[in-house]
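Enquirer: Here is a sequence together with a model predicted from it:
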Amino acid sequence: MDNDTIINLPFESPQPVLALGPELKSTVCLLVGRQARVSPDGGHLGAPDAYRQFVATVERMMGECDPRPTVVACDMHPDYAATRYGRGMRGVRVIAVQHHHAHIAAAAAEHGLTGEVVGLACDGTGYGTDGAVWGGEVILAREDGSFRRAGRLTTFPLPGGDAAAIDTWRPAVGIVQAAFGADWPGDVAAMFARVNAEAVTLLRQRLASDSARVVQTSSMGRLFDAVAFLLGLCDRNHTEAAAPIAVQALADSIGPTDPLAWDIAKTDVGLLLDTRPTIRAIIDGVVAGEPRATLARGFHEALGAMLTDAARRVCGEAGVGQVVLSGGCFLNGLLRDILRVGLDRAGLSRYTHNDLSPGDACVSLGQAVIAAQTLRAGAH
């Protein structure tokens, strides 16, 4: 209990809520009245020790609350260990919360924000309402616990599923396929010569013939992995986020540059933040022998410019002035700084985490907040 993080909220929950958190960077949150208590990061629930610690934390927090919580919040992903645990609990109402919505709600709660907020949620993975892998999202979050997906990065195939978070050439194959289609220029194909040529060929053939059955993603984390591969920086994430860290370090080695190409399109389902021109610009630059630091920096500048423009557009349409940043990609200080400048110039108020990490350790707080907002809305 002494190591729990205390967050005081700008509203009161109608009843106690226990939130079970994510799969990675597991935390549990107990919300009673206006006070939320978030446990320390317990690690990956796929590890037996972490799961035992998770169960002990749940039991501790349930025992510390009188009356015991009868509302439990969890992630929408049906196969997460915490979600399965929650659905197995007796005598409770389970509220499933979308991962990136929880990220935004957590950061907003830390700052005591009320009213609607526009959130930029950027990370490696999160289960979307459409069953796809989200991770580069523009979220309009409302006080009643609902949200609208107001924009997203362009999706690309993610061959290999979970293996794509380790082998950076896998998301690179997917995003190159999205940028060029089935017919890759010869210079592009040559960039994959340093990995298993047969595996790359098989993946390309599968994407060309059966792409509908390959998981699609809007993940910024996997986008960073792909760029790390294309720049020749990292073929495998031997440690967590090794590839994105390498891209940031290279970009940090030089000063500001012009952003690489990018685009935004307005569609019937929200803004499409198109990174395909960015990928083509990176490949053209590598082939032309441009300094890779310039390309890495231009990539960051493009993401910052694109996210700023998306936030400005959604804020303008919704009449909102508050922009919240959350997700593991905002551990990247350079990306945060570029967005800070852009959002300030756009006249928007920006907020990110002070008490919790922007990574998944904050998710349980967001789950608890959204569940409480849902209860409040239902009581009116």
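Expert: Yes, it's here. Numbering: from 1, shown residues only.
Enquirer: For the top helix by length along the chain, buried residues please.
Expert: Of all segments of type helix in the chain, defined using DSSP state H, the longest is helix 292-318. Going by neighbour count (16 or more other CB atoms under 10 Å), the buried part of helix 292-318 is 292-315. Yep, even glycine has a C-beta here, placed from its N, CA and C like the rest.
Enquirer: buried stuff in the lowest-mean-pLDDT helix or strand in the chain?
Expert: Least confident helix or strand of the chain, by mean pLDDT, DSSP states H and E, is helix 197-210 with a mean of 84. Residues of helix 197-210 classed as buried by neighbour count (16+ other CB under 10 Å): 199, 200, 203, 204, 207.
Enquirer: Check which helices and strands the following helix or strand past it sits against.
Expert: On the C-terminal side of helix 197-210, the nearest following helix or strand under DSSP states H and E is strand 216-217. Counting contacts by 3 or more CB pairs under 8 Å, 6 or more residues apart in numbering; DSSP states H and E, strand 216-217 is packed against strand 133-141, strand 156-157.
Enquirer: Quick one: residues contacting the closest residue to residue 136 other than its chain neighbours.
Expert: In space, residue 136 comes closest to residue 153 once its chain neighbours are excluded; the distance is 3.2 Å by CB to CB, 6 or more residues apart in numbering. Listed by CB atoms under 8 Å, 6 or more residues apart in numbering, the contact partners of residue 153 are 135, 136, 137, 218, 219, 220, 223, 273, 275.
Enquirer: contact partners of whichever strand or helix holds residue 189?
Expert: If you go by DSSP H and E, residue 189 is part of helix 186-190. For helix 186-190, the surrounding residues in contact (CB under 8 Å, 6+ apart) are 176, 180, 283, 287.
Enquirer: Same question for stretch 89-96.
Expert: 69-76, 83, 86-87, 367, 370-371, 374.
Enquirer: for the record, mean pLDDT for that stretch?
Expert: Average pLDDT, stretch 89-96: 97.
Enquirer: Show me the shaky parts of the stretch 151-300 of the chain.
Expert: Counting by pLDDT under 70, the ranges of the stretch 151-300 of the chain that qualify are 211.
Enquirer: all strands for it, in order.
Expert: In the stretch 151-300 of the chain, the segments counted as strands under DSSP state E, counting those that start in this stretch are 156-157, 216-217, 263-267, 270-274.
Enquirer: Can you say which of those is packed in most?
Expert: Of all those, strand 156-157 carries the top mean neighbour count, a mean of 26, counting by mean count of other CB atoms under 10 Å.
Enquirer: That one pairs with which strands, and in what direction?
Expert: Here strand 156-157 has these sheet partners by DSSP bridges: strand 216-217 (antiparallel).
Enquirer: domain ranges for the chain?
Expert: Per automatic domain parsing, the structural domains of the chain span 5-111+355-379, 156-351.
Enquirer: mind putting those domains in TSV, distance to residue 119 included?
Expert: As requested, the domains of the chain are exported to TSV (distance: least, CB to CB, whole Å):
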stretch	distance to residue 119
domain 5-111+355-379	3
domain 156-351	5
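Enquirer: Which one of those lies nearest to residue 130?
Expert: domain 156-351 (9.2 Å; CB to CB).
Enquirer: helices or strands up against the longest strand along the chain?
Expert: In the chain, assigned by DSSP state E, the strand with the most residues is strand 117-127. Applying 3+ CB pairs under 8 Å, 6+ apart, we find strand 117-127 packed against helix 99-110, strand 133-141, helix 220-230, helix 292-318, strand 322-326.
Enquirer: what's the neighbour count on residue 49?
Expert: Using other CB atoms under 10 Å, the number of residues around residue 49 comes to 10.
Enquirer: give me every residue that touches the most centrally placed residue in the chain.
Expert: In the chain, the centroid-proximal residue (CA atoms, centre = their mean) is residue 123; its distance is 2.7 Å. For residue 123, the contact set (CB under 8 Å, 6+ apart) comprises 100, 103, 135, 219, 220, 221, 327, 328, 329, 359, 360.
Enquirer: Need the pLDDT of it.
Expert: At residue 123, the predicted lDDT confidence score is 98.
Enquirer: Would you check how far apart it and residue 349 are?
Expert: 22 Å (CB to CB, to the nearest Å).
Enquirer: same deal with residue 131?
Expert: For residue 131, the distance to residue 349 (CB to CB) stands at 34 Å.
Enquirer: of the two, who's got more company?
Expert: Neighbours were counted for residue 131 and for residue 349 using other CB under 10 Å; residue 349 has more, 15 against 11.
Enquirer: show me the contacts for the more buried one.
Expert: By CB under 8 Å, 6+ apart, the contact list for residue 349 reads 321, 322, 323.
Enquirer: who wins for neighbours among these?
Expert: That'd be residue 323 among the contacts of residue 349, by other CB under 10 Å, with 26 neighbours.
Enquirer: Wait, that residue touches residue 310, no?
Expert: No. Using CB atoms under 8 Å as the test, residue 323 is too far from residue 310 to be in contact (10.0 Å).
Enquirer: Any chance of the backbone angles for residue 94?
Expert: phi -100, psi 130 (degrees, to the nearest 10).
Enquirer: Could you report the separation of residue 370 from residue 136?
Expert: Residue 370 is 20 Å from residue 136, by CB to CB.
Enquirer: same check, this time on residue 373
Expert: 24 Å.
Enquirer: before we move on, what about residue 36?
Expert: If you go by CB to CB, the gap between residue 36 and residue 136 works out to 27 Å.
Enquirer: got the contact list for residue 165?
Expert: 124, 125, 221, 222, 225, 237.
Enquirer: If we use 10 Å, what do you get?
Expert: 124, 125, 158, 171, 219, 221, 222, 225, 237, 240, 241, 243 (CB atoms under 10 Å, 6 or more residues apart in numbering).
Enquirer: wait, residue 369 sits on residue 112?
Expert: No. With contact defined as CB atoms under 10 Å, residue 369 does not count as touching residue 112 (11.3 Å).
Enquirer: Need the overlap of contacts for residue 323 and residue 310.
Expert: In contact with both residue 323 and residue 310: 118, 120, 138, using CB under 10 Å, 6+ apart.
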